[in-house]
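> Here you go, sequence then predicted model.
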Amino acid sequence: MARIIAARQADGFLCTKFILDAPETRWDDNRKSHALYSAGHLFEAGVAYFDATGRSGLLEASCHYADLIGARFGSGKVYDVPGHQEIELALIKLYRATGERRYLDLAKFFPDERGFVHGGPERVRSEKPRAADYNQDRVPLSRETRAVGHAVRAGYTYAAMADIAALCGERNCQQALDRIWHDVVERKLYITGASATGQYDDVGFGDAYCLPNETAYCETCGTIATVLWNRGDGYMDVWLARTVAAATPLPAATAGAQARVSASVKHPAGRLAALNDRRAGPSSGFRATPRFCWPEKSTGRQWVQYEWDKPRKLSRTAVFWAVDTPSQVYWRERTRGLVLKLPKSSILLYKDGNQWHPAETRDTYGMQPDRSDAIRFVPVTTRAIRLETEMSDTPCGIQEWLVD
């Protein structure tokens, strides 16, 4: 990973094909060069590596590169699109990982620009040849009525449009997706769920109901792109999931996931359930992830607690803290979010009879955001365990508290 990051140029550019062979032509032919397509996969890797390890080096390099692209392309800048879509999905992931709206704006810009004349300083519309259907660039996507062109490019495009329709409230985009989806499912999908007939030698969608066996291309990449389109995060009826969690595999259940939950203050059961729903991340400030928060005026020492009917042998715990800062929402004049900070300290207690005792830990208690602070302790057998926290000047929150 360090070697990849080390190849980054001073301005953030990170595509070794151009760095080594053609540094002066990096943006000369976006329809064929795959520079933006490759950037998208790098961004996806940066987010995935951060989610898996908590290490932010590649994510930071991805943001630097994305900022370089955003400085060149966009409204009032250069109006252009990649020949192979993918960066749109990756920019949305960057937005979700960082909360930076500029990545969502750039993700929206590229699909919005399709169907127009590219490369100039303003958006210009003119009639395009049939060949432009290959990469979904013949008509503006909001006016599209059918699935056309290369199936992988199409699936990536429609998946990004689904996210944008929800995140930006784009009604025209959602209506276009409804039309396209019905065209695919009702007229252009093999019984196996695959697409791409090869009818026009474009590895893409053919005519309605033209689904021959002998010339079926049905590329795995195209099917995966269709899955990406249909997995979603809750934005369209029936065929997209309604929550982030619905598209995220849950880790194995732990003892904590099977416990009754209580806290030092009264809370609706739904909020307490966030403590052991096995969902955390991708960052401490990610509001879409359910979290438990102590009330605004909570001070001093507060606690959350797990209890079981029968004694459980326990030896490890991990806390994924939640932090937040109120921010201006993009769709109206109001703010959302809470003031949540990391606690000053925390300690783990277990119950022996009617007495609470500190667990004898083998690791130092951590107070780091965007990761699970794991603690091993000398095994104990108990019916109840408690996490006690010392509040900062504001309350704290927890996305997930693992105990096993």
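Yes, it's here.
> Can you get me a residue count around V323?
20 (other Cβ atoms under 10 Å). (Glycine included, C-beta is placed from N, CA and C.)
> Am I right that it is in contact with K341?
Yes: under the criterion of Cβ atoms under 8 Å, V323 makes contact with K341 at 6.2 Å.
> any residues in contact with both of those two?
Jointly contacting V323 and K341 under the rule Cβ atoms under 8 Å, 6 or more residues apart in numbering are C396.
> Name the nearest residue to D393, sequence neighbours excluded.
Sequence neighbours aside, K341 is the residue nearest to D393 in space, at 7.3 Å (criterion: Cβ to Cβ, 6 or more residues apart in numbering).
> show me the contacts for that neighbour.
By Cβ under 8 Å, 6+ apart, the contact set of K341 is V323, S392, D393, T394, P395, C396.
> what about it, distance to E390?
12 Å (Cβ to Cβ, to the nearest Å).
> cool, and D80?
53 Å.
> One more: F43?
Taking Cβ to Cβ as the measure, F43 and E390 are separated by 38 Å.
> out of these two, which sits in the more crowded spot?
The neighbour comparison of F43 against E390 (other Cβ under 10 Å) goes to F43, with 28 against 14.
> In this structure the more buried one contacts A66, no?
Yes: the pair F43 / A66 is scored as a contact, 6.3 Å apart, by Cβ under 8 Å.
> who touches both of those two?
Each of L91, L94 lies in contact with both F43 and A66 under the rule Cβ under 8 Å, 6+ apart.
> For T381, which three-state class applies?
Counting by DSSP: H, G, I helix; E, B strand; the rest coil, the backbone at T381 sits in strand.
> Across the sheet, point out what pairs with it.
Applying DSSP bridges to T381 gives these bridge partners: K313.
> burial of it, as a residue count?
Neighbour tally, T381, other Cβ under 10 Å: 10.
> so how far is S372 from it?
Counting by Cβ to Cβ - T381 and S372 are separated by 24 Å.
> before we move on, what about L387?
Counting by Cβ to Cβ, the gap from L387 to S372 is 13 Å.
> excluding its backbone neighbours, what's nearest D363?
The nearest residue in space to D363 (Cβ to Cβ, 6+ apart) is I375, at 4.9 Å.
> surely the one you found meets S346?
No: using Cβ under 8 Å, I375 is not in contact with S346; the gap is 9.1 Å.
> what do these two both touch?
Y365.
> quick one: terminal-to-terminal distance for stretch 352-368?
For stretch 352-368, the first-to-last residue distance is 30 Å (Cα to Cα, to the nearest Å).
> got a list of contacts for that stretch?
Contacts of stretch 352-368 (Cβ under 8 Å, 6+ apart): 321, 342-351, 373-378, 380, 382, 385-386.
> 6 Å instead, please
L342, S346, L348, L349, Y350, D373, I375, R376, F377, V378 (Cβ atoms under 6 Å, 6 or more residues apart in numbering).
> Using neighbour counts, trim these to the buried set.
Buried members of the contacts of stretch 352-368, counted by 16 or more other Cβ atoms under 10 Å: L342, S346, L348, L349, Y350, D373, I375, F377.
> low-scoring pLDDT stretches of this structure, where are they?
Within the chain, the stretches with pLDDT under 70 are 215, 232-252, 268-270, 328-336.
> can I see the domain layout of this structure?
Following automatic domain parsing, the chain resolves into domains at 2-247, 256-403.
> After the helix or strand hosting the residue nearest to D363, heading C-terminal, what element do we hit next?
I375 belongs to strand 372-390 when assigned by DSSP states H and E. Next helix or strand after strand 372-390 toward the C-terminus (DSSP H and E): strand 397-403.
> Could you spell out the sheet neighbours of that next one, each with its direction?
strand 292-293 (antiparallel), strand 301-322 (antiparallel).
> Compare those and give me the one nearest L177.
Set against L177 and scored by Cβ to Cβ, the strands paired with strand 397-403 come closest in strand 301-322, at 32.6 Å.
> Pull out the buried positions in that closest one.
Residues of strand 301-322 classed as buried: 302-306, 308, 312, 314, 316-322 (neighbour count, 16+ other Cβ under 10 Å).
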